[in-house]
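Novice: the following comprises the amino acid sequence and a computationally predicted model.
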Amino acid sequence: MTNITIGIRGDKKLLADLKEMPDKAQKSANRRLRTAAFALERRIKREMPRDTGRAAASWGHWNPSFIIDNDDANRDDAIWEESEDGLTIIQGTNVPYVKNLNEGSSRQAPRGFIEKAADAAQRALTKSMTKLIDEVFK
């Protein structure tokens, strides 16, 4: 299993501020998280090395349109979980060889492409959430 978590974490003040926001702002925070998570999912699917398409099809939401020729691929390969508080999304795949792809086994993508995408998405999300909090608590 290979997965990543995107969400509001680590910064206790940021988490406390989010929990104190009115419902409308909390819904905006949840939308911002989902937007960042979907963008991350699209980037990883786009950058995922391809042979049969199973790895790309399985990342996050199952998308069989990526499958070229692979009878082993199925919906259970995909991982997408949203926390009850709406502040965390876990996405990934149960396809075992994705770890090797991320470690550079294919020349189609650089080593660590998943972490690079996740780090960029997390930075963008934190910036977006900080901006939302600044707007709410002006």
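Specialist: That came through, no problem. Numbering: from 1, shown residues only.
Novice: show me which helix or strand of the chain is least confident by mean pLDDT.
Specialist: Within the chain, confidence by mean pLDDT, DSSP states H and E is lowest for helix 12-20 among all helices and strands, at a mean of 72.
Novice: for that helix, packing partners?
Specialist: With contacts taken as 3 or more C-beta pairs under 8 Å, 6 or more residues apart in numbering; DSSP states H and E, helix 12-20 sits against helix 113-136. Every residue, glycine included, has its C-beta placed from N, CA and C.
Novice: who are the packing partners of the helix it packs on?
Specialist: The criterion is 3+ C-beta pairs under 8 Å, 6+ apart, and the helices and strands that helix 113-136 contacts are strand 2-7, helix 12-20, helix 23-47, helix 98-102.
Novice: which positions in it come out as buried?
Specialist: Neighbour-count burial for helix 113-136, with 16 or more other C-beta atoms under 10 Å as criterion, is recorded at 113-114, 116-118, 121-122, 124-126, 128-129, 132-133, 136.
Novice: got the contact list for the most centrally placed residue in the chain?
Specialist: Within the chain, one residue has its C-alpha closest to the average C-alpha position: by C-alpha atoms, centre = their mean, that is A37, at 4.2 Å. The contact partners of A37, by C-beta atoms under 8 Å, 6 or more residues apart in numbering, come to 6, 60, 89, 91, 121.
Novice: repeat for N63
Specialist: Listed by C-beta under 8 Å, 6+ apart, the contact partners of N63 are 45, 56-57.
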